[in-house]
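Q: pasting a predicted model and its sequence here:
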Amino acid sequence: MGETRDEIVSSSTSVGRKWLGFVTAIWVQAISGNNYTFANYSGALKTLMHLTQLQLNSLSVAKDVGKAFGILAGLASDRVSTPLILLIGSIEGLIGYGVQWLVVSKRISPLPYWQMCIFLALGGNSTTWMNTAILVTCIRNFRKNRGPVSGILKGYVGLSTAIFTDVCSALFANSPSKFLLMLAVVPAVICLTAIIFLREVPQTTTSAAAVEEESKYLNFFNVVAVIVALYLLAYDISGKHSRIIALCFVSGLLFLLIASPLFIPLYSIFKNTTSNNDVESSVIHRQCNSNQVQEGKTLPEAVEKPVPVKENVLRNEQVVQTEEKSALIEENDLRNDHVVETEKKSVLVQEKDSGNDEVVEIVYKKPILGEEHTILETVKTLDFWILFLSFLCGVGTGLTVMNNLGQMGLALGYADVSMFVSLTSIFGFFGRIGSGTISEYFLKNAATPRPLWNAASQIPMCLGYVVLAIALPGSLYVGSILVGICYGVRLAITVPVASELFGLKYFGLIYNILILNLPLGSFLFSGLLAGLLYDAQATKTKGGGNTCIGAHCYGQVFMVMALTCLVGFGLDVFLTLRTKNLYKNIHTASRAKSSKSGVDQQK
């Protein structure tokens with residue numbers, strides 16, 4: 001039976017709301033990478049508080065430890081609404097970065113070291129609430145395009161560091177205090193916008209044609225994101241700028257970020273409204289024809305083959321239900337064609353009528369990869385821990401470079417490291433957005449397991465660390481680019497991999513368990529490895545801190561991290577082999593559904 005007018009309006013509104021929510025999600029992600037901006041103001045903290053490098057690195061670890069409490073955001077994602085999660089994140093960021101701004105701007109005296117650790121942890125934890133709200137909601141809203149959606153969202157997180165850095169340099173001449181003020185205020189304002197529009201909407205994209213149209217819209221967002229990245233890169237490499245050019249840059253950036261993405265939801269609403277008006281007219285026409293048949297008025301079709309309307313409706317509904325069941329059974333068979341481990345328990349059942357006892361065997365099935373897993377079932381699997389440890393090898397070492405760029409640049413003779421911060425951010429974006437789209441393409445067309453792209457990212461990252469260790473002229477440029485790209489690939493690929501292996505039901509919590517690697521990696525590689533080895537090479541300064549100049553300051557650190565990447569490569573290859581059948585089944589199911597949709601359209 002056709003749709004009613006209310007159903008048509010509801011469908012159009014739902015689609016428009018989904019895309020408008022996605023735009024606000026992009027805005028939030030574009031300002032939620034503040035955890036990666038520590039190098040922009042770490043020098044001011046070190047000087048103001050008279051810290052050693054180990055103490056400064058411990059502050060950056062405290063910032064990353066805040067992400068460990070992201071598990072709370074994961075738990076809340078299944079119980080609390082998206083607006084409330086965003087509100088919590090914005091308040092935490094306002095307090096955490098606001099206090100740091102008060103200290104660096106000298107509006108208050110430097111706080112005790114332990115108190116500064118708490119406020120840095122608050123700032124770090126704020127992004128976990130924002131990212132959890134955004135990722136969980138958008139992955140559920142775009143179930144058929146998880147790779148591209150993850151790549152776009154994570155890509156804007158990568159760009160956010162460059163956005164903050166370049167806007168601050170354009171407006172405030174790289175002032176650390178004003179930079180911190182931006183980190184405190186801007187995310188809070190943007191989150192308030194997302195609170196209004198971002199919601200989980202009912203799943204409406206089911207047919208292959210609808211999924212294809214959704215992919216085209218996402219490609220538009222990819223194009224806009226690439227333009228923003230190239231725009232930022234051009235500004236960075238063009239050198240010093242006058243005040244007028246700087247203001248024009250900020251205005252153009254704001255237009256690209258805010259105005260251009262709105263084209264898709266507006267176009268989607270207009271297209272669906274126009275299309276649904278045609279459908280509504282068709283529905284009204286069919287209803288009029290049905291009434292004429294019921295009243296005895298003859299139509300050519302009714303005369304030739306009279307079929308009662310009620311019977312025809314029932315028959316159509318039965319056909320639809322049969323097709324839906326057939327599709328479900330077909331997809332289930334494709335995804336579950338291998339042996340399932342089972343646990344068997346016997347229970348004693350007392351028959352009511354007879355006094356005989358009958359033993360009935362009840363089979364409890366453990367979920368296989370690709371099915372919904374509880375948290376306990378997830379952490380019991382070997383695949384989860386392979387993914388966890390390989391993630392540590394990639395993001396732990398990458399985060400160490402980002403946290404220590406200020407001191408790395410100083411050691412190699414660069415007084416201003418904002419260029420390297422922006423390069424890491426921009427090329428991290430290309431890694432994120434490119435890997436999401438490319439991995440989705442090869443999965444749908446060649447059944448390529450997504451973890452293979454994680455393995456591929458470890459080799460260039462390893463080479464990047466070797467280049468940084470050698471410290472040839474320009475090595476910091478090359479190293480920043482390679483590490484940024486590979487770090488971005490790792491973050492973007494791991495999100496859909498986790499959802500494909502363990503399901504979407506508890507995805508928010510699973511994601512936050514995985515990103516425990518950020519504080520863990522920061523502690524192991526930045527706090528301990530880099531901090532201790534740097535201090536061993538450094539000389540004392542008059543203020544009580546220390547400094548080190550030369551390639552030897554971080555040479556050993558880079559070589560250890562290069563070896564760590566090789567370990568991560570082995571783990572990723574192992575996971576690729578273990579999940580090969582799962583991704584083959586996903587590919588087969590996708591192809592079968594596309595073929596069926598094509599046949600239906602021909603009919």
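A: Thanks, I have the structure now. Keep in mind the model is a prediction, meaning the values are calculated, not measured.
Q: tell me, how many residues neighbour the residue found closest to N57 once you drop the neighbours it is linked to in the chain?
A: Among residues not flanking N57 along the chain, G531 sits closest, at 3.9 Å (Cβ to Cβ, 6 or more residues apart in numbering). (Glycine included, C-beta is placed from N, CA and C.) For G531, the neighbour count with other Cβ atoms under 10 Å is 25.
Q: so where's the stretch 501-603 of the chain uncertain?
A: Under the criterion of pLDDT under 70, the regions of the stretch 501-603 of the chain flagged as low confidence span 540-545, 593-603.
Q: that one: helices as residue ranges?
A: Counting by DSSP state H, counting those that start in this stretch, one finds helices in the stretch 501-603 of the chain at the ranges 507-514, 517-521, 531-537, 552-578, 580-602.
Q: of all those, which lies closest to S169?
A: S169 sits nearest to helix 552-578 of all the helices of the stretch 501-603 of the chain, at 25.2 Å, using Cβ to Cβ.
Q: among the helices of the stretch 501-603 of the chain, which is nearest A121?
A: Proximity of the helices of the stretch 501-603 of the chain to A121 was assessed by Cβ to Cβ; the nearest stretch is helix 517-521, lying at 9.1 Å.
Q: send the alpha carbons of the closest one over as CSV?
A: The C-alpha trace of helix 517-521 is given here as CSV (Å, rounded to 0.1, in the frame of the first residue of the first chain):
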residue,chain,number,x,y,z
ASN,A,517,45.8,3.7,23.9
LEU,A,518,46.2,7.5,23.6
PRO,A,519,47.0,8.1,27.3
LEU,A,520,48.8,4.7,27.5
GLY,A,521,50.9,5.5,24.5
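Q: not counting sequence-adjacent ones, nearest residue to A471?
A: With Cβ to Cβ, 6+ apart as the measure, A551 is the residue that lies nearest to A471, at 3.3 Å, once sequence neighbours are left out.
Q: so the one you found is in contact with L412, correct?
A: Yes - under the criterion of Cβ atoms under 8 Å, A551 lies in contact with L412, with a separation of 6.9 Å.
Q: hmm, back to that, report the contact partners of the residue nearest to A471.
A: Under the criterion of Cβ atoms under 8 Å, 6 or more residues apart in numbering, the contact list for A551 reads A411, L412, A469, I470, A471.
Q: looking at those residues, which has the most residues close by?
A: Ranking the contacts of A551 using other Cβ under 10 Å puts A411 first, with 23 neighbours.
Q: so that one touches G550, yeah?
A: Yes - A411 sits in contact with G550 when judged by Cβ under 8 Å, with a separation of 6.2 Å.
Q: find the helix or strand that the residue nearest to T37 when sequence neighbours are not counted is a member of.
A: Counting by Cβ to Cβ, 6+ apart, T37 lies nearest to T161, which is 5.3 Å off, once chain neighbours are set aside. T161 is part of helix 146-172 when elements are defined by DSSP states H and E.
Q: all strands for this protein, in order.
A: All strands of the chain, identified by DSSP state E, fall at 342-350, 357-365, 539-540, 546-547.
Q: any idea which of these has the lowest pLDDT on average?
A: Least confidently modelled of the strands of the chain is strand 342-350, at a mean of 40 by mean pLDDT.
Q: quick one, phi psi at A415?
A: Phi and psi for A415, reported as degrees, to the nearest 10, are phi -80, psi -30.
Q: tell me how far it lies from G409.
A: Taken as Cβ to Cβ, to the nearest Å, the spacing of A415 relative to G409 amounts to 8 Å.
Q: one step back: tell me how many other residues surround the residue nearest to T37.
A: Burial of T161, expressed as a neighbour count using other Cβ under 10 Å, amounts to 26.
Q: picking up where we left off before, make JSON lines out of the contacts of A551 and add pLDDT and distance to I245.
A: Compiled in JSON lines, the contacts of A551 are given as follows (pLDDT from 0 to 100; distance: Cβ to Cβ, whole Å):
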{"residue": "A411", "pLDDT": "87", "distance to I245": "32"}
{"residue": "L412", "pLDDT": "86", "distance to I245": "29"}
{"residue": "A469", "pLDDT": "92", "distance to I245": "38"}
{"residue": "I470", "pLDDT": "90", "distance to I245": "37"}
{"residue": "A471", "pLDDT": "86", "distance to I245": "34"}
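Q: among these, name the ones in helices.
A: Assigned to helices by DSSP state H, the following of the contacts of A551 qualify: A411, A469, I470.
Q: kindly reformat those residues as JSON lines containing distance to V250.
A: Conversion of these to JSON lines gives the following (distance: Cβ to Cβ, whole Å):
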{"residue": "A411", "distance to V250": "32"}
{"residue": "A469", "distance to V250": "37"}
{"residue": "I470", "distance to V250": "38"}
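Q: ok, the residue nearest to N57 - contacts?
A: Under the criterion of Cβ under 8 Å, 6+ apart, the neighbours of G531 are Q53, L54, L56, N57, S58.
Q: which residues does the third one contact?
A: L56 sits next to S42, L45, K46, Q407, G531 when contact means Cβ under 8 Å, 6+ apart.
Q: tell me the two of those that are most distant?
A: Using Cβ to Cβ, the pair of the contacts of L56 lying farthest apart is L45 and G531, separated by 14.6 Å.
Q: mind listing what G550 touches?
A: By Cβ under 8 Å, 6+ apart, the contact set of G550 is A411, Q537.
Q: residues near the nearest residue to A162 once chain neighbours are set aside, how many?
A: Nearest residue to A162, sequence neighbours excluded (Cβ to Cβ, 6+ apart): S425, at 3.9 Å. The number of residues packed around S425, counting by other Cβ under 10 Å, is 29.
Q: so S425 is in contact with L159, correct?
A: Yes - S425 is within contact range of L159, at 6.2 Å (criterion: Cβ under 8 Å).
Q: what do those two both touch?
A: With Cβ under 8 Å, 6+ apart, S425 and L159 have common neighbours G33.
Q: now do the buried residues in stretch 394-414.
A: Buried residues in stretch 394-414, defined by neighbour count with 16 or more other Cβ atoms under 10 Å: 394-412.
Q: before we move on, what about stretch 142-156?
A: Using 16+ other Cβ under 10 Å as the test for burial, stretch 142-156 gives 142, 144-156.
Q: can you list these in JSON lines and add pLDDT and distance to V28?
A: Below are the buried residues of stretch 142-156 laid out as JSON lines (pLDDT from 0 to 100; distance: Cβ to Cβ, whole Å):
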{"residue": "F142", "pLDDT": "88", "distance to V28": "16"}
{"residue": "K144", "pLDDT": "81", "distance to V28": "23"}
{"residue": "N145", "pLDDT": "84", "distance to V28": "19"}
{"residue": "R146", "pLDDT": "82", "distance to V28": "19"}
{"residue": "G147", "pLDDT": "80", "distance to V28": "20"}
{"residue": "P148", "pLDDT": "85", "distance to V28": "18"}
{"residue": "V149", "pLDDT": "89", "distance to V28": "14"}
{"residue": "S150", "pLDDT": "83", "distance to V28": "15"}
{"residue": "G151", "pLDDT": "83", "distance to V28": "16"}
{"residue": "I152", "pLDDT": "88", "distance to V28": "12"}
{"residue": "L153", "pLDDT": "89", "distance to V28": "9"}
{"residue": "K154", "pLDDT": "83", "distance to V28": "12"}
{"residue": "G155", "pLDDT": "84", "distance to V28": "13"}
{"residue": "Y156", "pLDDT": "88", "distance to V28": "9"}
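Q: taking the residues you listed together, which two end up most distant?
A: Farthest pair in the buried residues of stretch 142-156 (Cβ to Cβ) is K144 and Y156. Separation: 20.9 Å.
Q: OK, contacts around D166?
A: For D166, the contacting residues are L232, Y235, D236, F249, L253, S422, by Cβ under 8 Å, 6+ apart.
Q: next one: stretch 168-184 to chain centre, how far?
A: Chain-centre distance of stretch 168-184: 26 Å, with Cα atoms, centre = their mean, to the nearest Å.
Q: so how far is R578 from the closest residue to T132 other than its chain neighbours?
A: Closest residue in space to T132, ignoring its immediate chain neighbours: A73 at 4.1 Å, by Cβ to Cβ, 6+ apart. Counting by Cβ to Cβ, the gap from A73 to R578 is 29 Å.
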